[in-house]
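Chemist: just a sequence and a predicted model for now, questions to come.
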There are 2 protein chains.
Amino acid sequence: MPRPTAAIVVIGDEILSGKFAEENAAFLIGELRGLGVELRRITVIPDDADDIAATVAEAASRHTWVFTSGGVGPTHDDVTIAAVARALGTDVVRDPDLEARLRAYWGDGIAPANLRLADVPRGATLVWGESTTWPVVTIANVHVLPGVPKLFRKKFLDIRERFRAAPVALARLWIAREEGELAPDLDVVVAAHPGVKLGSYPRFDEADFQVIITLEGAERAAVVAATDALAARVGAAVVRRADP
Amino acid sequence: MPRPTAAIVVIGDEILSGKFAEENAAFLIGELRGLGVELRRITVIPDDADDIAATVAEAASRHTWVFTSGGVGPTHDDVTIAAVARALGTDVVRDPDLEARLRAYWGDGIAPANLRLADVPRGATLVWGESTTWPVVTIANVHVLPGVPKLFRKKFLDIRERFRAAPVALARLWIAREEGELAPDLDVVVAAHPGVKLGSYPRFDEADFQVIITLEGAERAAVVAATDALAARVGAAVVRRADP
């Protein structure tokens, strides 16, 4: 079975303008890695309905899962729900069950703007985790998550196990040789081990190595074989560390 | 004059798979902010020539400036130069001046793979900063920067002043009121101050405020007027802090 893929769409003027640091994609990278989901794209865009709709539509058509962050709430700059609905060719409706839960949560004094939190794309599924007030709004393969980092993490952890796939095997070599000199050896190993992806990352401030090589793939045995083959080609004398 | 806009394209399997944290877009966000350039999009994509070419082509057609990070070097996973050339409808040539400088830097023992560092898109401009060996490769509005964070920062700082525009004025209010209750006041101020962009960011773990409001625009006087108008509407009693 091919590995499931994912895209993250971060919606936030506040990230692009540097008012807040990006935390949600950074968190999700590690989660998806741990779940065995291959993250293929992160896009950070403004709170702009046209841009959100176009970006989500493209991501939804290309990847197994799409996660959006931000633009969900009661104020003028919260346009994600309407834009996601548009991306999937539908419109926005107020969910009566969710509206009832919001009214129970806030009581009679609920601000009318907070009822916008019950607006969902028509045809959406509300995925309930631990919380009985705040579901994850999901439509087709798109999961709409809030931008506030604490809430983003809590909601994702609530639904995480839905996405678990086979783990990825990873090995690393720290090599004391210049990347350009290493290139022909890498080419040979890449050609001989098509199931293993090699990455080469030079570093210029380290005392005992010049390049970190990463090797990863679905089969641990194949990753080990490629790692051993590369270590043998470059020679034990320049392999400073190996993991595992 | 409209504010110049920018897009950042981060090329890196190592970021998407969580092997290294993203540092270059995070750095450039602050730099572009300081330069008065409006960052409109960050995209993180794999070391895939088709994806790079398509992403760079779209970004170059929409924004004043495009900055790429990563995929530049002597190994098999360094495909950015060829992909950027394709994005701009050209091919790759070896630059004789750059080749001569690389040969001078490495001497007779230069690894053949390192000569790939002299490959540039046909028609590219080499922008020389302090370094006389490592220019920034620029073609049309696209600036190709290396993925190693130390080199990325050094090269960008070398060319930074080319991008300086008018500064953006920013003000912030910390408000002790629920975001949903604040929404109608925000709507009024947004409608009355079209030159000022308002952002509303709820927080749930703070003792003395519930929302941070940001106001920004090209004209400081307009930002101050919008900030004063909002503070007056919500009442001094709930404005916990103001900056400036």
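Modeler: That came through, no problem. Numbering: from 1, shown residues only, chains lettered A, B, ... in the order given.
Chemist: show me what contacts the residue nearest to residue A:179 when sequence neighbours are not counted?
Modeler: Distances taken as CB to CB, 6 or more residues apart in numbering or on different chains place residue A:202 nearest to residue A:179, at 4.5 Å, with adjacent residues excluded. Every residue, glycine included, has its C-beta placed from N, CA and C. Residue A:202 makes contacts with A:179, A:210-211, B:73, B:148, as judged by CB atoms under 8 Å, 6 or more residues apart in numbering or on different chains.
Chemist: filter those residues down to the ones in helices?
Modeler: Taking DSSP state H as the definition of helices, these contribute residue A:179.
Chemist: in stretch A:94-107, what's buried?
Modeler: Under the neighbour-count criterion of 16 or more other CB atoms under 10 Å in any protein chain shown, stretch A:94-107 has A:95, A:98, A:101-102, A:106 buried.
Chemist: just stretch A:45-57 next, same as before
Modeler: Buried residues in stretch A:45-57 (16+ other CB under 10 Å): A:45-49, A:51-53, A:55-57.
Chemist: picking up where we left off before, just give me the least confident of the contacts of residue A:202.
Modeler: pLDDT across these is lowest for residue B:73, at 90.
Chemist: could you find the closest non-adjacent residue to that one?
Modeler: That would be residue A:179: by CB to CB, 6+ apart, it lies 6.3 Å from residue B:73.
Chemist: might one say that that neighbour is in contact with residue B:72?
Modeler: No. Applying CB atoms under 8 Å, one finds residue A:179 not in contact with residue B:72, separated by 11.4 Å.
Chemist: identify all contacting residues around stretch A:112-128.
Modeler: A:72-75, A:78, A:81-82, A:84-85, A:88, A:90-99, A:102, A:106, A:135-139, A:143, A:158-159, A:162, B:178-181, B:183-184.
Chemist: buried ones in it?
Modeler: Here stretch A:112-128 shows A:113-121, A:124 as buried, counting by 16+ other CB under 10 Å.
Chemist: can I get those in CSV including pLDDT?
Modeler: Shown next, in CSV, are the buried residues of stretch A:112-128 (pLDDT from 0 to 100):
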residue, pLDDT
A:113, 94
A:114, 94
A:115, 94
A:116, 94
A:117, 94
A:118, 95
A:119, 96
A:120, 97
A:121, 97
A:124, 97
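Chemist: tell me which two in these are the farthest apart.
Modeler: Within the buried residues of stretch A:112-128, two members stand farthest from each other by CB to CB: A:113 and A:124, at 20.2 Å.
Chemist: next one: residue A:1, what pLDDT does it get?
Modeler: As predicted, residue A:1 sits at a pLDDT of 62.
Chemist: same check, this time on the one 4 residues further on
Modeler: Residue A:5 is assigned 97 on the pLDDT scale.
Chemist: run through the bridge partners of it.
Modeler: Legend: beta-bridge partners of residue A:5 under DSSP bridges are residue A:38.
Chemist: that one: neighbour count?
Modeler: Neighbour count of residue A:5, defined by other CB atoms under 10 Å in any protein chain shown: 16.
Chemist: my guess is it contacts residue A:38. True?
Modeler: Yes. Checked against CB under 8 Å, the pair residue A:5 and residue A:38 is within contact range at 4.8 Å.
Chemist: I'd like the next helix or strand past the helix or strand in which residue A:226 is found.
Modeler: Residue A:226 is part of helix A:220-234 when elements are defined by DSSP states H and E. Downstream of helix A:220-234, the first helix or strand assigned by DSSP H and E is strand A:239-243.
Chemist: helices and strands around that next one, which ones?
Modeler: Applying 3 or more CB pairs under 8 Å, 6 or more residues apart in numbering or on different chains; DSSP states H and E, one finds that strand A:239-243 contacts strand A:169-175, helix A:220-234.
Chemist: secondary structure class of residue A:177, three-state.
Modeler: Secondary structure state of residue A:177, per DSSP: H, G, I helix; E, B strand; the rest coil, is coil.
Chemist: can you give me the distance of the nearest residue to it once chain neighbours are set aside to chain B?
Modeler: Once flanking residues are discounted, residue A:177 sits nearest to residue A:238: 4.8 Å by CB to CB, 6+ apart. Separation of residue A:238 from chain B (CB to the nearest CB, to the nearest Å): 14 Å.
Chemist: residue A:127 too?
Modeler: 21 Å.
Chemist: ok, and the closest non-adjacent residue to that residue?
Modeler: Residue A:127 sits nearest to residue A:136 (CB to CB, 6+ apart), 4.4 Å away.
Chemist: ok, residue A:163 - how many residues close by?
Modeler: Counted with other CB under 10 Å, residues neighbouring residue A:163 total 18.
Chemist: cool, the one 5 residues further on as well?
Modeler: Other residues within reach of residue A:168, judged by other CB under 10 Å, total 20.
Chemist: what sits against it?
Modeler: Per CB under 8 Å, 6+ apart, neighbours of residue A:168: A:3, A:33, A:36, A:38, A:216-218, B:17.
Chemist: wait, residue A:208 touches residue A:238, no?
Modeler: No. Counting by CB under 8 Å, residue A:208 stays clear of residue A:238, with 10.2 Å between them.
Chemist: who touches both of those two?
Modeler: Common neighbours of residue A:208 and residue A:238 (CB under 8 Å, 6+ apart) are residue A:176.
Chemist: so those two - more neighbours on which side?
Modeler: residue A:238 (17 against 8).
Chemist: between the contacts of residue A:168, which is closest to residue B:231?
Modeler: Of the contacts of residue A:168, the one sitting nearest to residue B:231 (CB to CB) turns out to be residue A:33, at 44.7 Å.
Chemist: how about the closest one: what's its closest non-neighbour residue?
Modeler: Residue A:33 sits nearest to residue B:18 (CB to CB, 6+ apart), 4.3 Å away.
Chemist: using the three-state scheme, assign the one you found.
Modeler: Residue B:18 is classified as coil under three-state DSSP.
Chemist: quick check: pLDDT value at it.
Modeler: pLDDT at residue B:18 comes out at 93.
Chemist: wait, what's in contact with it?
Modeler: A:29-30, A:32-33.
Chemist: and for residue A:41?
Modeler: Contact analysis of residue A:41 by CB under 8 Å, 6+ apart lists A:7-8, A:59, A:62-63, B:16, B:43-45.
Chemist: cool, and residue A:183?
Modeler: A:200, B:74-76, B:111, B:113.
Chemist: tell me how many other residues crowd the residue nearest to residue B:73.
Modeler: The number of residues near residue A:179, taken as other CB under 10 Å, comes to 22.
Chemist: try residue A:145
Modeler: 25.
Chemist: give me phi/psi at it?
Modeler: phi -120, psi 150 (degrees, to the nearest 10).
Chemist: that one contacts residue A:69, doesn't it?
Modeler: Yes. Using CB under 8 Å, residue A:145 is in contact with residue A:69, at 5.4 Å.
Chemist: list residues touching both of the two?
Modeler: Between them, residue A:145 and residue A:69 share the contacting residues A:24, A:152, judged by CB under 8 Å, 6+ apart.
Chemist: any idea how far the closest residue to residue A:224 other than its chain neighbours lies from chain B?
Modeler: Once flanking residues are discounted, residue A:224 sits nearest to residue A:171: 6.9 Å by CB to CB, 6+ apart. According to CB to the nearest CB, residue A:171 stands 11 Å off from chain B.
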